[in-house]
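Peer 1: Kindly return the folded structure for what I paste below:
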Amino acid sequence: TSAATVATAVFTTLATAPFLLFFMLKDGHKLRPFLVKFAPQRWEQATSKLLHEVNQAVSSYVIGQVSVAICVGIMLFIGYTIIGEPYGAALAICSGFLNLI
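Peer 2: As a prediction, the model looks like this:
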């Protein structure tokens with residue numbers, strides 16, 4: 001892949017992610033009923049249950065990742081403080097955020 005292709009993909013993702021996040025936070029509760037409408041009537045209950053389970057799994061994953069990032073940040077802060085790193089707090093915060101990636 002060329003650098004232009006990668007740059008375009010990164011720019012597109014960074015440009016659309018805030019809008020997607022905004023609308024998911026604003027109208028996310030309407031998504032499940034909207035998706036269930038596309039399923040045949042005999043599968044509506046199973047589809048709703050599946051979407052609920054997927055939501056639970058994704059929520060648990062995100063909560064776990066954030067918890068790990070916080071723990072990493074705290075442990076690095078303690079370690080940097082022990083060794084006397086002058087920018088330990090900033091490095092620990094950056095490392096915690098970057099751990100989410």
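Peer 1: for this structure, longest helix please?
Peer 2: helix 44-83 (DSSP state H).
Peer 1: helices or strands up against that helix?
Peer 2: helix 31-36, helix 88-99 (3 or more C-beta pairs under 8 Å, 6 or more residues apart in numbering; DSSP states H and E). C-beta coordinates here come from the backbone N, C-alpha and C atoms, glycine included.
Peer 1: Flag every buried residue along it.
Peer 2: Using 16 or more other C-beta atoms under 10 Å as the test for burial, helix 44-83 gives 47, 51, 69, 72-73, 76-77, 80.
Peer 1: Burial-wise, tell me which of the helices and strands packed on helix 44-83 comes out on top.
Peer 2: helix 88-99 (a mean of 15; mean count of other C-beta atoms under 10 Å).
Peer 1: Identify all contacting residues around it.
Peer 2: 68-70, 72-74, 76-77, 79-81, 85 (C-beta atoms under 8 Å, 6 or more residues apart in numbering).
Peer 1: Columns pLDDT and distance to A17 on top of these, output as a markdown table?
Peer 2: Formatted as a markdown table, the contacts of helix 88-99 follow (pLDDT from 0 to 100; distance: C-beta to C-beta, whole Å):
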| residue | pLDDT | distance to A17 |
| --- | --- | --- |
| V68 | 96 | 22 |
| A69 | 95 | 18 |
| I70 | 97 | 22 |
| V72 | 97 | 23 |
| G73 | 96 | 23 |
| I74 | 97 | 27 |
| L76 | 96 | 27 |
| F77 | 97 | 28 |
| G79 | 97 | 32 |
| Y80 | 96 | 31 |
| T81 | 96 | 34 |
| E85 | 94 | 33 |
